[in-house]
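[1] need the 3D shape of this:
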Amino acid sequence: MTTTPSDNAAHADTSAIPRQMIIFGPPGTGKSYKIHGRQNGAYADGSYAAALNIDSSEQIVNAVFHPEYTYGDFMGRLLPASAEDGKVRYAYRSGHFLIALAEAYRRWPDGGNVLLVIDELNRGNAAAIFGSVFNLLDRDDDGWSSYPISLSVMEYEAFLQQLLPGAEKFDIAGAQVRMPNHKFVEIGSQLESIKDKIVEADGAKERLTFKVQLPPNLYFLATINTSDESIYYMDSAFKRRWDWEYMTEDGAILEIATPPQLEWKDFRTKVNQFIKKKGTAIRRLDDKLLGPRFIKGTDRDANKTMLGRDLAKVMFHLWDSVFARDKTPLEAELKNEKLHTFGDFANKAGDFVAAMQKP
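    Alright, predicted model coming up:
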């Protein structure tokens, strides 16, 4: 285990940064600063925003979850507005997610990355806030979502309005848009770089798919204070779709070294045996076991040499989900070492791996 100070450039290239990651740890340690802290008018060296080459305000969207934050704030909703004639009219206003999604599509493939920052992720009801967006968090190796979701007509029109801010009117049924020259043209002709993602051929005619995926240049980085008392529960299905990074009380990123030739298929089997043996008193134990795709880049038959990041994700799952109420089974595997924080457990990563590999 090593720690990397938060003002150090721990990740020099974007390939080292997970597309969905939660930074967690004690309050006041600099988690938000690590994501998008600024120095002298620019994103600080060592911040993820700097590593992702974020250089304009349009490339970063900031959201803060809280108990009153809803799916409507995240995706979008109808809001009333007073018109010049004094009447009240309703218009659909895009939420943080839809704004970030459209900006990422608009910039794909050569216009840079887009970062959606979510502070205080567990102070809102994440399952309700994400809604169907949850399904997009599974990503293929190329960075696109594995499975699309379908937007409503209002959501899709708001999405297109973000993509084509100069558009005057949309003909959703005809997949056309009226541009400032007052002529209707095919939407696909205005968005050639992503045409295959938004329209499909229906004979000789184009029609909108109403389906969206997360593009490879859209990143989600979130923060969690582990000591918060007014927090919402996040289930294992939600948490497994994120990478987790622990920031110590000293403001340093704790990184678990890549274990030598640790094969995922074999290690997963051993960890599941450990969970079933030591977790007999845990309710819904099936939900705590590790499936083949708990870490990215695996399938049911293939094996994979694990990375330090993969091991950290497994250890945090054991710490926060499986043995959240009683750390005694973990301490017993580590020769009764007392574990007060996740940092204590992570510091024993090598000993934990060795314990799991024993017959």
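[2] can you give me the helices in the stretch 151-300 of the chain?
    Taking DSSP state H, counting those that start in this stretch, the helices of the stretch 151-300 of the chain run over residues 153-163, 187-190, 195-198, 236-239, 264-278.
[3] in three-state terms, label the closest residue to D243 other than its chain neighbours for me.
    Spatially, and ignoring its direct neighbours in sequence, D243 is nearest to P18 (3.8 Å; Cβ to Cβ, 6 or more residues apart in numbering). Where C-beta positions appear, they are placed from N, C-alpha and C, glycine not excepted. Counting by DSSP: H, G, I helix; E, B strand; the rest coil, the backbone at P18 sits in coil.
[4] would you turn the helices of the stretch 151-300 of the chain into JSON lines with mean pLDDT?
    Listed next are those as JSON lines, based on pLDDT from 0 to 100:
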{"stretch": "helix 153-163", "mean pLDDT": "92"}
{"stretch": "helix 187-190", "mean pLDDT": "87"}
{"stretch": "helix 195-198", "mean pLDDT": "87"}
{"stretch": "helix 236-239", "mean pLDDT": "88"}
{"stretch": "helix 264-278", "mean pLDDT": "94"}
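[5] of all the ones you listed, which one is nearest T29?
    For the helices of the stretch 151-300 of the chain, proximity to T29 was assessed by Cβ to Cβ; helix 236-239 is nearest, at 20.4 Å.
[6] chain center to that closest one: distance?
    With Cα atoms, centre = their mean, to the nearest Å as the basis, helix 236-239 stands 11 Å off its chain's centre.
[7] put the alpha carbons of it into PDB.
    In PDB, the C-alpha atoms belonging to helix 236-239 read as follows (Å, rounded to 0.1, in the frame of the first residue of the first chain):
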ATOM      1  CA  SER A 236     -24.200  -3.300  -3.800                       C
ATOM      2  CA  ALA A 237     -25.500  -3.200  -7.400                       C
ATOM      3  CA  PHE A 238     -25.000   0.500  -7.500                       C
ATOM      4  CA  LYS A 239     -21.600   0.600  -5.700                       C
END
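[8] who touches that helix?
    Under the contact criterion Cβ atoms under 8 Å, 6 or more residues apart in numbering, helix 236-239 has outside partners 126-127, 130, 134, 287-288, 317, 320-321.
[9] so what's A201 bridging to?
    Note on A201: beta-bridge partners E206, judged by DSSP bridges.
[10] which SSE is the residue located most distally from the centre of the chain in?
    Going by Cα atoms, centre = their mean, the residue of the chain most distant from its centre is D85, 43.5 Å out. Here D85, judged by DSSP states H and E, is contained in no helix and no strand.
[11] check contacts around it.
    Contacts of D85 (Cβ under 8 Å, 6+ apart): none.
[12] correct me if wrong: S32 contacts E120.
    No - at 9.4 Å, S32 does not count as touching E120 under the criterion of Cβ atoms under 8 Å.
[13] joint contacts of the two?
    Shared contacts of S32 and E120, defined by Cβ under 8 Å, 6+ apart, are found at T223.
[14] doesn't N62 belong to a helix?
    No - under three-state DSSP, N62 sits outside any helix and is assigned strand.
[15] I'd like to know how far the residue farthest from the centre of the chain sits from D171.
    Distance of D85 to D171, given as Cβ to Cβ, to the nearest Å: 26 Å.
[16] how about D142?
    Going from D142 to D171 by Cβ to Cβ gives 32 Å.
[17] likewise for N336?
    Distance, N336 to D171, by Cβ to Cβ: 70 Å.
[18] now render the helices of the stretch 151-300 of the chain as JSON lines, adding mean neighbour count and distance to H36.
    Formatted as JSON lines, those follow (neighbours: other Cβ atoms under 10 Å; distance: least, Cβ to Cβ, whole Å):
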{"stretch": "helix 153-163", "mean neighbour count": "19", "distance to H36": "21"}
{"stretch": "helix 187-190", "mean neighbour count": "18", "distance to H36": "31"}
{"stretch": "helix 195-198", "mean neighbour count": "16", "distance to H36": "27"}
{"stretch": "helix 236-239", "mean neighbour count": "15", "distance to H36": "23"}
{"stretch": "helix 264-278", "mean neighbour count": "16", "distance to H36": "32"}
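[19] which stretch among the ones you listed comes nearest E206?
    Set against E206 and scored by Cβ to Cβ, these come closest in helix 187-190, at 5.4 Å.
[20] lovely, talk soon.
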